[in-house]
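Engineer: From the sequence below, what's the structure:
(chains A and B)
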Amino acid sequence: AQSVAQPEDQVNVAEGNPLTVKCTYSVSGNPYLFWYVQYPNRGLQFLLKYITGDNLVKGSYGFEAEFNKSQTSFHLKKPSALVSDSALYFCAVRGPPGGQNFVFGPGTRLSVLP
Amino acid sequence: DVKVTQSSRYLVKRTGEKVFLECVQDMDHENMFWYRQDPGLGLRLIYFSYDVKMKEKGDIPEGYSVSREKKERFSLILESASTNQTSMYLCASNTGGDLNEKLFFGSGTQLSVL
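Structural biologist: So this is what the prediction gives:
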């Protein structure tokens, strides 16, 4: 079965420092991986996805993610954090082949401190 | 931009009431989804629909039903609300065919069942 783990409930980082939000996955078949962000009182917004190709994927708002097949990881990164990046981040994997579902991780709350 | 609109931002209902949550999307998407979001659990799929009048159970369908009479509208029904259905409910949509297509989310409905 497809599953996603986000090992950190909370990540704190100082403004201007690099940030990493971790995600590991377990899938049958090829992994189709996504990151979404949820700002307060909002729905989720798509950040980026990995389907195939280059292991470093660039997305919205300066975020990028690195796919590592051997470690089954898809960590979200940003070189220089902004206070406005403070939000809840969800990693997701496409559901079983032939299905339409996405399986989401539990979420990681990122706080960027001024 | 795609817009997914959920009819209510906040709802307060009594135990045993029948509750309707409405969702409308304006981009002619084939697929529509209902998730519930609970802290530490991420998003869990309740039901999804891949066409008018078609529906599939997700991971936690018990206590819920859905209706999709028109392509743009997907309703979630709580037949007899219970306190353990207090949650944030998120509607999402995407196009059919491409299994890797990102989800577009509404802003969510925070339901409290007293």
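Engineer: all strands for the chain, in order.
Structural biologist: The chain I'm using is chain A. A:3-5, A:10-14, A:19-21, A:24-26, A:33-38, A:44-50, A:56-58, A:64-68, A:73-78, A:87-94, A:102-104, A:108-113 (DSSP state E).
Engineer: nope, chain B
Structural biologist: In chain B, the strands defined using DSSP E lie at B:4-6, B:10-13, B:19-25, B:31-38, B:42-51, B:54-57, B:64-70, B:73-78, B:87-94, B:104-105, B:109-113.
Engineer: Format the ones you listed as a markdown table; extra columns: mean pLDDT, mean neighbour count and distance to residue A:70.
Structural biologist: Backbone N, C-alpha and C define where each C-beta goes, glycine included. As requested, those are exported to a markdown table (pLDDT from 0 to 100; neighbours: other Cβ atoms under 10 Å in any protein chain shown; distance: least, Cβ to Cβ, whole Å):
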| stretch | mean pLDDT | mean neighbour count | distance to residue A:70 |
| --- | --- | --- | --- |
| strand B:4-6 | 95 | 19 | 37 |
| strand B:10-13 | 96 | 13 | 46 |
| strand B:19-25 | 97 | 19 | 39 |
| strand B:31-38 | 94 | 23 | 31 |
| strand B:42-51 | 92 | 20 | 25 |
| strand B:54-57 | 92 | 14 | 34 |
| strand B:64-70 | 96 | 16 | 40 |
| strand B:73-78 | 97 | 20 | 40 |
| strand B:87-94 | 95 | 24 | 30 |
| strand B:104-105 | 94 | 24 | 32 |
| strand B:109-113 | 96 | 18 | 41 |
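Engineer: Adding distance to chain A, write those out as a markdown table.
Structural biologist: A markdown table is the format used below for the strands of chain B (distance: least, Cβ to the nearest Cβ, whole Å):
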| stretch | distance to chain A |
| --- | --- |
| strand B:4-6 | 7 |
| strand B:10-13 | 10 |
| strand B:19-25 | 11 |
| strand B:31-38 | 6 |
| strand B:42-51 | 4 |
| strand B:54-57 | 8 |
| strand B:64-70 | 14 |
| strand B:73-78 | 13 |
| strand B:87-94 | 6 |
| strand B:104-105 | 3 |
| strand B:109-113 | 9 |
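Engineer: hmm, back to that, weakest of the strands of chain A by average pLDDT?
Structural biologist: Least confident of those, judged by mean pLDDT, is strand A:102-104 with a mean of 89.
Engineer: Just want the residue of chain A that's nearest chain B.
Structural biologist: Taking Cβ to the nearest Cβ, chain B has its nearest neighbour within chain A at residue A:43, 3.4 Å off.
Engineer: What degree of burial does that residue show, as a neighbour count?
Structural biologist: By other Cβ atoms under 10 Å in any protein chain shown, 21 other residues sit near residue A:43.
Engineer: hang on, isn't it packed against residue B:105?
Structural biologist: Yes: using Cβ atoms under 8 Å, residue A:43 is in contact with residue B:105, at 3.4 Å.
Engineer: shared neighbours, those two?
Structural biologist: Here residue A:43 and residue B:105 share the contacting residues B:4, B:90, B:92, scored by Cβ atoms under 8 Å, 6 or more residues apart in numbering or on different chains.
Engineer: Surely the first one touches residue B:104?
Structural biologist: Yes: counting by Cβ under 8 Å, residue B:4 sits close enough to residue B:104 to count as a contact (5.3 Å).
Engineer: what do these two both touch?
Structural biologist: Joint contacts of residue B:4 and residue B:104 (Cβ under 8 Å, 6+ apart) are B:25, B:92, B:93.
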